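Student: Show me how the following folds:
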Amino acid sequence: MNVLDGTPWGTDWAWSLPLILLNVIIHVFGLAFIYDGFTVLLREIGRRRKFMFRFAVAMNAAVFLIVALHGIEAISWALAYLVLGAIPDPKAAMLYSLGAMTGFGTGNVSLPPHWQMMGVLQSLAGLLLFGLTTAFMFAMFQAVWPSQQQAIDDQPPAH
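Tutor: Presented below is the predicted three-dimensional model:
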């Protein structure tokens, strides 16, 4: 007898924890990549005219990349549901995954009883990832907003 089979939801945790860790790693590196490109681009643009237009374009690009990042993370869970046989159809697996991740709900797709904890753990992962995204977007605004940049420029140099 497998130890995980004897533990309520043990298999759910065994699959979910590595997925959560993988998703957080993907998310942090993805956000760092987006942040670096965004701040370098807008710090240069900030010294020129038409900052607001370029800020809007850069922010739209960043949001698009963030949505793609969340989509990749949802795909990883959907693939796990397919591999485990918890959801047999790729479209339904993706629908369930996005619904669990966002808290929107899963519509008429549900997991078998022995995999339901995995869906709840994916919701927990979604909260973590969306929290990281919110903090990231706030940091992007602070890094490039002209009033913030002026405050940084006005500080005396550190010795």
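Student: ok, then the element right after the helix or strand bottoming out on mean pLDDT in the chain?
Tutor: Lowest by mean pLDDT, DSSP states H and E among the helices and strands of the chain is helix 3-6, with a mean of 51. Remark: after helix 3-6, the chain's next helix or strand is helix 10-45, criterion DSSP states H and E.
Student: Check which element follows that following helix along the chain.
Tutor: Per DSSP H and E, the first helix or strand lying C-terminal to helix 10-45 is helix 51-84.
Student: Could you pull up the mean pLDDT of that next one?
Tutor: Averaged across helix 51-84, the pLDDT comes to 91.
Student: list the helices and strands that helix packs on?
Tutor: When contacts are defined as 3 or more Cβ pairs under 8 Å, 6 or more residues apart in numbering; DSSP states H and E, helix 51-84 packs onto helix 10-45, helix 90-102, helix 116-144. (Each C-beta comes from the backbone N, C-alpha and C, glycine too.)
Student: between these, which one is nearest to residue 73?
Tutor: Residue 73 sits nearest to helix 10-45 of all the helices and strands packed on helix 51-84, at 4.5 Å, using Cβ to Cβ.
Student: what about the closest one, distance to the chain center?
Tutor: On the basis of Cα atoms, centre = their mean, to the nearest Å, helix 10-45 is displaced by 6 Å from the centre of the chain it belongs to.
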